[in-house]
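**Student:** Okay, structure incoming, though there's no sequence with it:
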């Protein structure tokens with residue numbers, strides 16, 4: 001059993017540790033809120049044990065995080081922002097290392113807790129979703145000139161939809177390890193009928209039309225911290241999957257997650273659909289910050305990116321179902337199939353409303 005107080009002593013925290021408690025709802029890392037007293041002053045830090053089963057190159061991951069947060073801090077200072085709240089500020093160990101590794105091989109890292117902040121797990125208003133768009137848009141804007149190619153690729157080919165189709169989905173259908181293929185023939189046909197979606201963005205990267213940027217790759221609402229009092233977005237957290245990619249990936253996955261009219265594993269497909277008000281609110285917030293740094297090809301593919309990220313996610317759920325549920329955590333045998341059906345229903349609804357989605361983007365970028 002880990003002794004958190006002993007781990008705390010390894011980091012360059014200010015003051016004496018008086019309390020620690022588990023926090024957050026993440027499925028990957030174990031997270032603690034640490035309180036230290038320095039005379040009359042109270043300092044709070046977040047201590048995390050990084051899941052090295054998922055993130056095998058801890059050196060590369062932490063190099064990415066320190067490079068990106070250091071750059072963000074410089075950009076925030078330039079613009080007169082609040083350097084104590086607008087980016088995570090990581091704390092090194094007493095011997096100057098970016099993380100601590102104990103004798104059992106467990107790895108820990110720490111950052112200063114963002115004061116007077118709160119996070120949300122679900123989108124319940126257009127304004128809240130717009131604020132998250134502002135946060136992720138600002139993240140893009142601040143990092144627009146960062147040399148993305150210098151970052152370690154934490155999850156190689158994460159959004160290479162062409163590769164996922166050819167090298168993961170098709171073999172899963174062919175091998176049918178779970179024996180479930182006949183139970184999801186309609187869903188398999190749905191994917192194969194849309195094979196032409198898969199190479200569109202990858203081909204534009206390879207032709208040099210779409211630039212690689214620093215991307216977050218996990219743009220869920222609960223990865224944005226909000227001010228407790230004003231409700232405004234403060235900063236983006238959970239930087240483990242920061243790596244080179246397309247800004248379109250971050251935008252599209254945000255829409256997939258937040259603008260669906262129901263949860264991604266709701267089995268009542270009559271509830272599934274694109275909430276155009278939420279789509280517009282997020283796009284407005286995102287583009288208000290990042291729009292000027294995007295080229296025309298990026299702007300023209302924003303609406304499509306929402307469809308593609310939804311399609312890719314549904315394809316991954318279906319692939320996992322065919323493989324016997326080896327990747328995503330499931331709560332019942334059909335869980336991944338229900339998720340896949342939900343995402344494909346959202347894709348179908350986006351296809352119907354793509355003209356409206358593209359008009360919204362065009363209006364916001366003219």
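**Tutor:** Nice, I can see it. Everything numeric here is computed off the predicted structure, so don't read it as measured data.

**Student:** Next, count neighbours for residue 94.
**Tutor:** Using other Cβ atoms under 10 Å, residue 94 has 11 neighbouring residues. For the C-beta atoms, the positions are set from N, CA and C on the backbone; glycine is no exception.

**Student:** Give me the pLDDT for the residue sitting nearest the centre point of the chain.
**Tutor:** Centroid-nearest residue in the chain, with Cα atoms, centre = their mean: residue 218, separated by 0.7 Å. Listed pLDDT for residue 218 reads 93.

**Student:** Lowest-scoring secondary structure element of this protein by mean pLDDT?
**Tutor:** Within the chain, no helix or strand scores below helix 4-8, which has a mean of 91 by mean pLDDT, DSSP states H and E.

**Student:** for it, packing partners?
**Tutor:** When contacts are defined as 3 or more Cβ pairs under 8 Å, 6 or more residues apart in numbering; DSSP states H and E, helix 4-8 packs onto strand 16-22, strand 30-38, strand 41-50.

**Student:** Span of stretch 296-305 from start to end?
**Tutor:** From its first residue to its last, stretch 296-305 covers 14 Å (Cα to Cα, to the nearest Å).

**Student:** Pull out the buried positions in that stretch.
**Tutor:** 298, 299, 301, 302, 303, 304, 305 (16 or more other Cβ atoms under 10 Å).

**Student:** One more: stretch 70-90?
**Tutor:** Using 16+ other Cβ under 10 Å as the test for burial, stretch 70-90 gives 71, 72, 73, 75, 76, 81, 85, 86, 87, 88, 89, 90.

**Student:** Now do the least confident helix or strand of the chain: distance to the chain's middle.
**Tutor:** Its chain's average C-alpha position is 29 Å from that of helix 4-8, according to Cα atoms, centre = their mean, to the nearest Å.

**Student:** got it, and stretch 239-255?
**Tutor:** In terms of Cα atoms, centre = their mean, the centre of stretch 239-255 is set 6 Å apart from its chain centre.

**Student:** follow-up on the earlier one: could you dump the helices and strands packed on helix 4-8 into CSV with mean pLDDT, distance to residue 66 and mean neighbour count added?
**Tutor:** Below are those laid out as CSV (pLDDT from 0 to 100; distance: least, Cβ to Cβ, whole Å; neighbours: other Cβ atoms under 10 Å):
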stretch, mean pLDDT, distance to residue 66, mean neighbour count
strand 16-22, 93, 23, 13
strand 30-38, 93, 19, 17
strand 41-50, 95, 14, 18
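
**Student:** Among those, single out whichever gets nearest to residue 61.
**Tutor:** Taking Cβ to Cβ, strand 41-50 is the member of the helices and strands packed on helix 4-8 nearest to residue 61, at 7.3 Å.

**Student:** quick one: residue 51 and residue 31, what's the gap?
**Tutor:** From residue 51 over to residue 31 the distance is 11 Å, taken as Cβ to Cβ, to the nearest Å.

**Student:** ok, which stretches of the protein are strands?
**Tutor:** 16-22, 30-38, 41-50, 90-91, 100-101, 107-112, 117-118, 213-215, 224-227, 233-236, 243-245 (DSSP state E).

**Student:** could you dump those strands to a markdown table with distance to residue 195?
**Tutor:** Formatted as a markdown table, those follow (distance: least, Cβ to Cβ, whole Å):
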| stretch | distance to residue 195 |
| --- | --- |
| strand 16-22 | 45 |
| strand 30-38 | 40 |
| strand 41-50 | 37 |
| strand 90-91 | 42 |
| strand 100-101 | 44 |
| strand 107-112 | 40 |
| strand 117-118 | 43 |
| strand 213-215 | 24 |
| strand 224-227 | 34 |
| strand 233-236 | 33 |
| strand 243-245 | 22 |
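
**Student:** closest to residue 334 out of these?
**Tutor:** Among those, the nearest to residue 334 by Cβ to Cβ is strand 30-38 (29.9 Å).

**Student:** Could you name the helices and strands sitting against that closest one?
**Tutor:** Strand 30-38 sits against helix 4-8, strand 16-22, strand 41-50, with contacts defined as 3+ Cβ pairs under 8 Å, 6+ apart.
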